[in-house]
Structures are given as structure tokens and as C-alpha cells.
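A.B. asks: The following block contains a protein sequence and its predicted model.
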Amino acid sequence: MSIARRTLCVALVCLTACLAFSAPAHGQQIQQDAKIAEGRLTAEQLQSVTDFVGAWMDRLLAGDPENVTDARNAILREFRTPGISETFRDAFSVEVSKRLGDAVRSETDLVRINAMIIATQLTNPEADALIDEGLGDDNAAVQYWSAKAYLQRVERATADDGPGMTPAAQRAIIGKVQQVYDNSPSTPVARVGIEILSNLDVPEARETMLALLHDRVQYHADNPQASYLPEQTAIQLLSAEISRERRVDEDQVKEVARAAYRYFVLINNQMQTGNILEGVEPGHLSMLDWCYKCLNAMAAKFPNLSFTNDAETINDQIKLGEWDKLADAAQRWRNILTTTPFSIPADGLE
């Protein structure tokens, strides 16, 4: 064999080896026409989806970090491919759901976490049971991505071009958020719960958000170092929404003001003790400032109420740590809130 011919053979062998290494393994490619199919997939198209999902889910379940990452990315990439049809998306979601149960119940945290990341893209109703398992997981990261899965569903459904959500479906989601909060969730999980509620338009959504705000006062009294980010998100959302509304629901205005006052007093007391960790302080002070702004915003909903909006002065006092002056401000608001038009009983402000 000539040198040139031998060199060509070696090059071809090397190229073949490289392609074999880099190309997807058997069953890891979905027919392109399946991704734009309308109506329903053919048996052949569906088989290519099943083979693809099976191959990558096997790698996910193996638990090796690199394989887990590759499998997660491969599956998410198909969900996010531009131009795919709803037919394909739904069929793909069903096939992923069929295999995801084993991953959700894996003894390996990494596998369960990545299974829930994948679950954020699922569209079929049957996937609810898988997501619910994640909500009850002991691992906070699994809980977080499970909550995100429901948030993604709500956002897709309530988007301008989304199918919408029936009142019954929204109330079912509210029930799941309440279930999450019953277990004293981590800060990221609790915040996602608030974001879910903010995307719903049934009256129970705002009522639940207010109830959770009040329930969490005791949690923060017992856990002074805990982040107020979920509660600040709720205060900001409620304050902004109610401020924009022309029709005043006086009961809701009063409840938001009552929550803002209770947190303002609690945080000021916590800061006054001097036991709050340095890294925690900025979040506490931010919540303190937003609660005071919220009090002013709620008072502004009563045109006949005479009060002084001194939010800028209070902001300076917060920065300077003038806790006694802030306590005086709290007392002024206690007087406002316990008289007309708020008329909140004093024991409701404790």
C-alpha cells in the first residue's frame, strides 16, 4: 500500500472514530418532521421521540454529574427549539413524564433536582403528580424547582397568547401554594409561591397572599435571621396593585396596612436588639423601608384621611439606625390605624 493511500486510510479511520464519539448514540435523534407535526404524530415519529427520551433518561438516572447535565440539557433543548408545534411539545411532554417518575424518586439529590428542572417545561396534566412529589421533597432545591414548575405553568397559561386558567384550576394551584407554606419553606421557595399567587386573578389569590403575610409574622419572630424577601415581594406587589386600582376594597387596604405595620414594628424591634447578623441587615432594612412606604400608599387610598407622608425622612432614619425615632413613627401609625377610617382593633396590630 502506498504511503499516500495508507495515510488516507488512517485519516478515514480517525474521522470515523471522532464521528462515532461526537454523534448522538442510537435513539438520540428525533425525526425533524415530528417537531413540526400538526394533529398527531405518526407511529414512526412517536417512536423516535420515545427512543430519544429513553436514551437520555437512562443517562439522567445513571446519576453521574456529567451525564445528568448532558441529559437535562438535551431534553430542555427540545422543549425550547424555535418553531416546534404544540402537537410535538405535548407528545414530547407525555413521553418525558412517563420516564421522569423514576428520576423524581431517585435516592440521588442531583437526579431529583434535575428532574424537577426538566419538569418546569412539562405541559401535560399528568405531570402534576410528579411535580407534587417534588413539592414534598426534603431537599430545598427540589422543592424550589417544583414550585418553579407550577409558576411556569401558570405564566404560560396566563400569558396574552396563553390558553388561560379556569377558576377551579387557579384555586387548585392556590391550594398547592398553601401546602408549600404549611411546611415553612426556604426563602426561594416561599418567594416563588408569592409569584404564583400574583399571576392568578381569582379573589382567593390575593386573600391567600394576605393570609400568608400575616401567618409569616410569627415565623419571623421565631427566626429573626430569616430573609424577608418573600414578604417584601408580597408587600411590593400588593401595594402597587392596590394603588393602581380605582375601586377601593377597604377591607383589603386595611389588611395590607395591618401587615405592613406588624412587620415594621417587628423588624424595628429586631434591629434594636442588635442581634441581627451583618449579612442579614440589608434585607431587613429594605423590608422596613418598604413597609413604611406601603403604609403611606394604603393611607392615600382614603382621600379624607389627613396624614403626613414622611417616607423620605423615615428612609434616612433607617439608614442611620435611629430605632427609637422609628418606634415613635410606629406609634403614630398605630394611632392612625386604630381610628377611622382604618378602625383596626389594637390587638390586630400585635
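C.D. replies: Perfect, thanks for sending it. Numbering: from 1, shown residues only.

A.B. asks: What is the longest helix of this structure by residue count?
C.D. replies: helix 250-273 (DSSP state H).

A.B. asks: wait, doesn't Lys254 sit right on Phe342?
C.D. replies: Yes - using Cβ atoms under 8 Å, Lys254 is in contact with Phe342, at 5.5 Å. For every residue, glycine as well, the C-beta is placed using N, CA and C.

A.B. asks: Could you pull out the buried residues of stretch 56-71?
C.D. replies: Of all the residues in stretch 56-71, those buried under the rule 16 or more other Cβ atoms under 10 Å are 56-57, 59-61, 67-68, 71.

A.B. asks: Residues contacting that stretch, please?
C.D. replies: Contacting residues not belonging to stretch 56-71 are listed as 28, 72, 74-75, 96, 99-100, 102-103, 106, 108, 110-111, 114-115 [Cβ atoms under 8 Å, 6 or more residues apart in numbering].

A.B. asks: what is the mean pLDDT for it?
C.D. replies: Here stretch 56-71 scores 95 as its mean pLDDT.

A.B. asks: ok now it, how far from the chain's centre?
C.D. replies: On the basis of Cα atoms, centre = their mean, to the nearest Å, stretch 56-71 sits 25 Å off its chain's mean C-alpha point.

A.B. asks: end-to-end on that stretch?
C.D. replies: Using Cα to Cα, to the nearest Å, one end of stretch 56-71 lies 5 Å from the other.

A.B. asks: Stretch 222-237 too?
C.D. replies: The first and last residues of stretch 222-237 sit 25 Å apart, counting by Cα to Cα.

A.B. asks: Now it: buried residues?
C.D. replies: So, applying 16+ other Cβ under 10 Å, buried residues of stretch 222-237: 224, 226-237.

A.B. asks: Touching, Gln178 and Thr208? I think so.
C.D. replies: Yes - using Cβ under 8 Å, Gln178 makes contact with Thr208 at a distance of 6.4 Å.

A.B. asks: helix/strand/coil for Pro224?
C.D. replies: coil (DSSP: H, G, I helix; E, B strand; the rest coil).

A.B. asks: OK, contacts around it?
C.D. replies: 270, 273, 275-276.

A.B. asks: so can I have CSV of the buried residues of stretch 222-237 showing secondary structure and distance to Arg171?
C.D. replies: Shown next, in CSV, are the buried residues of stretch 222-237 (DSSP: H, G, I helix; E, B strand; the rest coil; distance: Cβ to Cβ, whole Å):
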residue, secondary structure, distance to Arg171
Pro224, coil, 34
Ala226, coil, 29
Ser227, coil, 29
Tyr228, coil, 28
Leu229, helix, 26
Pro230, helix, 21
Glu231, helix, 23
Gln232, helix, 26
Thr233, helix, 22
Ala234, helix, 19
Ile235, helix, 24
Gln236, helix, 24
Leu237, helix, 19
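
A.B. asks: Lowest-scoring secondary structure element of the chain by mean pLDDT?
C.D. replies: Lowest on mean pLDDT, DSSP states H and E among the helices and strands of the chain sits helix 3-22, with a mean of 36.
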